[in-house]
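> Predicted model follows, preceded by the sequence.
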Amino acid sequence: AQSVTQLGSHVSVSEGALVLLRCNYSSSVPPYLFWYVQYPNQGLQLLLKYTSAATLVKGINGFEAEFKKSETSFHLTKPSAHMSDAAEYFCAVSDPNAGNMLTFGGGTRLMVKP
Amino acid sequence: EPEVTQTPSHQVTQMGQEVILRCVPISNHLYFYWYRQILGQKVEFLVSFYNNEISEKSEIFDDQFSVERPDGSNFTLKIRSTKLEDSAMYFCASRELKGAVTEAFFGQGTRLTVV
């Protein structure tokens, strides 16, 4: 069985500050990992994905994530937060043995202060 | 850019009534999913659908739920007799290839409120 834990249901940063959203996973098979973003009243939009190629993955809007197998982590970072980054962020792991269904973490709401 | 479309965006129904949530996946996608998100909780997998049959389903997806691809373009989720606890945001998603690591594309969701 797979699981995802996102530490911190709410994270607040100042505009221009580093964004760090934490994600740890558990998987019995080599994982495929994803970060999705949900803006208010919208669906889930893919930010980036890890598929066993490069461990440092770059996504849209300046976000990146690093896969660390030894730490079972896939933390999301952005060097400088913008007001428009305020949203809910979901980390997810895909099970290739179960139709690539996604198991999501609980989500982290990012707030950006001016 | 192709997108997954869900209708309606909001649905209010009385307990015990049947509801059908509709989705139009991206046209060349082969794998379809329903997820739900109860307010304040995780996004949870309900069911996946491939080659006109259910591929995987979760414990949530009991006999009250069914899915169908009636006409080759729409993908529907039916709840036969809604309960208060079915109130949630329901997301449809589709994916391009079986087995390949392609991402799922999500619709905007249908907010279902059971009263």
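It's in.
> List phi and psi for the most centrally placed residue in chain B.
The structure's chain B has its C-alpha centroid closest to residue B:34; by C-alpha atoms, centre = their mean the separation is 3.0 Å. With angles defined as degrees, to the nearest 10, residue B:34 sits at phi -120, psi 130.
> could you measure it against residue B:110, distance?
10 Å (C-beta to C-beta, to the nearest Å). From N, CA and C alone the C-beta is placed, and that goes for glycine too.
> intersection of neighbour lists for the two?
Both residue B:34 and residue B:110 are contacted by B:21, B:90, under the criterion C-beta atoms under 8 Å, 6 or more residues apart in numbering or on different chains.
> re the thing from before, report the beta-bridge partners for the residue nearest to the centre of chain B.
residue B:47, residue B:92 (DSSP bridges).
> Surely it is in contact with residue B:44?
No - at 9.9 Å, residue B:34 and residue B:44 do not qualify as touching, with contact defined as C-beta atoms under 8 Å.
> ok, how many other residues are close to residue A:1?
8 (other C-beta atoms under 10 Å in any protein chain shown).
> The closest residue to it other than its chain neighbours: neighbouring residues, count only.
Leaving out its chain neighbours, the residue that sits closest to residue A:1 by C-beta to C-beta, 6 or more residues apart in numbering or on different chains is residue A:28, at 7.2 Å. When neighbours are counted by other C-beta under 10 Å, residue A:28 registers 9.
> Could you measure from residue A:28 over to chain B?
16 Å (C-beta to the nearest C-beta, to the nearest Å).
> same question, residue A:71
For residue A:71 relative to chain B (C-beta to the nearest C-beta), the value is 22 Å.
> Enumerate the residues of chain A near chain B.
Residues of chain A lying close to chain B by C-beta under 8 Å from any C-beta of the partner chain are A:32, A:34, A:36, A:41-46, A:49, A:51-52, A:90, A:92, A:94, A:96, A:98-107.
> Drop the exposed ones from the residues you listed and show what's left.
Among these, those scoring as buried are A:32, A:34, A:36, A:43-44, A:46, A:49, A:51, A:90, A:92, A:94, A:98-107 (criterion: 16 or more other C-beta atoms under 10 Å in any protein chain shown).
> all strands for chain B, in order.
Remark: strands assigned in chain B by DSSP state E are B:5-7, B:10-13, B:19-24, B:31-37, B:43-50, B:53-57, B:65-68, B:75-79, B:88-95, B:105-106, B:110-114.
> closest one to residue A:4 among those?
Closest approach to residue A:4 among those (C-beta to C-beta): strand B:43-50, 10.4 Å.
> gap between that closest one and the chain center?
7 Å (C-alpha atoms, centre = their mean, to the nearest Å).
> As CSV, could you dump the C-alpha coordinates of that strand?
These are the backbone C-alpha positions of strand B:43-50, laid out as CSV (Å, rounded to 0.1, in the frame of the first residue of the first chain):
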residue,chain,number,x,y,z
VAL,B,43,-8.5,13.8,-2.2
GLU,B,44,-9.6,10.1,-2.3
PHE,B,45,-9.5,7.7,-5.2
LEU,B,46,-12.9,6.2,-6.0
VAL,B,47,-12.6,4.3,-9.3
SER,B,48,-10.6,3.9,-12.5
PHE,B,49,-12.0,2.8,-15.8
TYR,B,50,-10.2,1.4,-18.8
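> Since that was my last question, I'll sign off now.
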